[in-house]
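*Asks:* Have a look at this prediction, sequence included:
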Amino acid sequence: MTPADLSQALNHYQAALSDWSRRRADVPRGAVEQQGLTVLRAREALQAALERSPIPDVYSLRRLQWLDHFLLLQANALARVVDFRRYRQSLFPPADHWWWRLDSHLPRHRQDRCDWLFRGAGVLLWTVGLGLLGDISRRFFLGGPGVAGVSAIAFSGLLTLLNARSELTAAGRAGFDHLLESLRVPQKWQYEAKLGATGLLSMFLLSFWLSLPTLSNLYNQWGNRAGRLGSAVQNYQRAIGLNPDNVDAHYNIGVLYEDLQQLEQAETHYRIAMQGNVPEAYNNLGRLYLQPPDPNPAAAVVLLSVGLELTESQEKALKEDNSFFATRYTLFKNLGWARLHQARYPDAERPLKAAIGILQRPEAEAQISNPASAHCLLAQVLEAQGDETALASWRSCYQLGRSANLDEDTWMFQACQRLKEKNLPCPHP
């Protein structure tokens with residue numbers, strides 16, 4: 001090959017670069033890509049001429065060096081319109097044909113110098129997402145996950161696994177790169193795209209994690225509606241597992257444990273519910289302190305008094321929940337019972353009469369299931385003081401009592417005995 005042929009290849013290369021530098025902004029993308037490919041083909045043809053020609057003269061060498069330098073300066077602009085990766089997959093150019101790898105020279109560009117930052121941020125977000133998934137899974141499994149919990153964990157875990165595979169394995173990275181290419185995402189934006197995908201996953205997991213208290217409330221409601229004791233306990237346990245601060249769930253499961261005579265567990269959950277200022281928890285724990293064999297009426301008085309104060313400050317919320325009168329009634333009734341244990345009869349009489357006063361309110365009737373209890377306790381207080389009006393209270397105790405209530409069944413027997421002593425009938429209520 002003659003020097004003239006090399007000079008002609010250099011001229012063609014220079015002309016292609018000149019046309020490229022004069023490209024217009026309003027030209028369609030396809031035409032601009034064609035101009036870029038013309039430059040690359042001209043450089044490929046020049047390389048073929050160099051390989052077939054003797055050593056170029058000094059002028060040709062300097063000219064070649066200047067033209068190649070100009071081509072390198074165009075790397076960023078060419079990468080916007082030419083998909084170098086696809087052309088490399090089609091042409092398989094030798095490693096020294098650097099013009100087909102101009103996209104690898106883009107780190108000189110300011111934005112690409114930040115690729116390490118995007119990679120680091122992606123790994124950080126993935127780590128945060130993995131930590132959130134671990135906490136979500138732990139909370140679900142604390143109370144037994146159930147079908148809904150397993151589904152949520154499986155879905156979140158699958159997303160995290162796919163994201164981890166795309167970040168940490170060669171096959172995963174290649175697959176994700178192929179996906180980005182099919183979506184025509186330029187290579188220089190691929191790290192940003194990966195960071196965006198990881199960020200979306202982390203946001204999903206964070207949103208899911210923040211919604212756990214709402215899911216906890218949902219499980220608590222399912223427990224309230226459960227027809228079977230075992231299902232109710234499981235739902236309350238799941239509610240507590242998802243949100244250990246769900247005081248309503250702690251109170252509800254405490255009631256179930258008390259019904260099952262698992263009093264230590266009931267007391268534990270009542271105490272947790274008390275931290276959330278649940279007046280019913282104060283009432284139930286105070287009532288437990290009045291049970292044999294070792295009643296503690298002094299401790300019960302403290303709890304019941306605090307519970308009454310809470311009902312005053314929470315009156316609006318309790319009325320909206322249709323539990324205000326029932327809660328006030330049981331607190332007054334149990335406070336009178338505690339004072340009866342202490343043999344402080346005048347102090348017992350006042351809260352018991354307050355409880356009976358609540359019974360006279362029409363709106364309270366539907367809320368209170370044990371109206372006889374206050375009458376039965378007041379009868380005992382009046383009798384201990386030698387008050388003859390105790391008989392009327394015994395009569396109300398017997399007439400309103402229910403044998404299904406263990407305490408009332410005992411007091412009804414006492415009431416019948418007192419009525420018989422006065423030659424009064426006590427027919428089956």
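*Replies:* Sure thing, it's come through.
*Asks:* Where does pLDDT dip in the stretch 1-150 of the chain?
*Replies:* Across the stretch 1-150 of the chain, the ranges flagged by pLDDT under 70 are 1-3, 105-131, 133-135, 137-138, 140-150.
*Asks:* show me where it has helices.
*Replies:* Under the criterion DSSP state H, counting those that start in this stretch, the stretch 1-150 of the chain contains helices at 3-21, 29-52, 58-73, 75-81, 84-91, 115-142, 146-168.
*Asks:* quick one: the fifth one to chain centroid distance?
*Replies:* Think helix 84-91. Its chain's C-alpha centre and that of helix 84-91 lie 45 Å apart, by Cα atoms, centre = their mean, to the nearest Å.
*Asks:* ok, and for it, which residues are buried?
*Replies:* Going by neighbour count (16 or more other Cβ atoms under 10 Å), the buried part of helix 84-91 is residue 84. Every C-beta, even on glycine, is put in place using the N, C-alpha and C of the backbone.
*Asks:* Tell me what angle it forms with helix 29-52.
*Replies:* 50 degrees (axes from the mean of the first three to the mean of the last three Cα atoms, to 10 degrees).
*Asks:* then helix 84-91 to CSV, C-alphas only?
*Replies:* Output of helix 84-91 as CSV, limited to C-alpha atoms (Å, rounded to 0.1, in the frame of the first residue of the first chain):
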residue,chain,number,x,y,z
PHE,A,84,-21.2,0.8,21.5
ARG,A,85,-22.0,-2.4,23.5
ARG,A,86,-24.3,-3.8,20.8
TYR,A,87,-21.8,-3.0,18.0
ARG,A,88,-19.0,-4.7,19.9
GLN,A,89,-21.3,-7.8,20.3
SER,A,90,-21.8,-7.8,16.5
LEU,A,91,-18.3,-6.9,15.3
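*Asks:* Look up which helix or strand the most centrally placed residue in the chain falls in, please.
*Replies:* Most central in the chain under Cα atoms, centre = their mean is residue 209, positioned 2.2 Å from the mean C-alpha point. Taking DSSP states H and E as the definition, residue 209 sits inside helix 190-210.
*Asks:* re the thing from before, just confirm the residue nearest to the centre of the chain contacts residue 215, I think it does.
*Replies:* No. Taking contacts as Cβ atoms under 8 Å, residue 209 lies outside contact range of residue 215: 10.4 Å.
*Asks:* Assess the claim that residue 330 and residue 286 are in contact.
*Replies:* No. Between residue 330 and residue 286 there is no contact under Cβ under 8 Å: 9.5 Å.
*Asks:* What's the local residue count around residue 392?
*Replies:* Neighbour count for residue 392, taken as other Cβ atoms under 10 Å: 13.
*Asks:* In which helix or strand does it reside?
*Replies:* Here residue 392 is covered by helix 390-400, with elements defined by DSSP H and E.
*Asks:* What average pLDDT does that helix get?
*Replies:* Averaging pLDDT along helix 390-400 yields 94.
*Asks:* contacts for the helix or strand following that helix?
*Replies:* The helix or strand immediately downstream of helix 390-400 is helix 406-421, counting by DSSP H and E. The contact list for helix 406-421 (Cβ atoms under 8 Å, 6 or more residues apart in numbering) reads 370, 372-373, 376-377, 379-380, 383, 390-391, 394-395, 397-398, 401-403, 425-426, 429.
*Asks:* what do you get if the cut-off is 10 Å, keeping everything else the same?
*Replies:* Applying Cβ atoms under 10 Å, 6 or more residues apart in numbering, the contact partners of helix 406-421 are 287, 290-291, 337, 370-373, 375-377, 379-380, 383, 390-391, 393-403, 405, 424-429.
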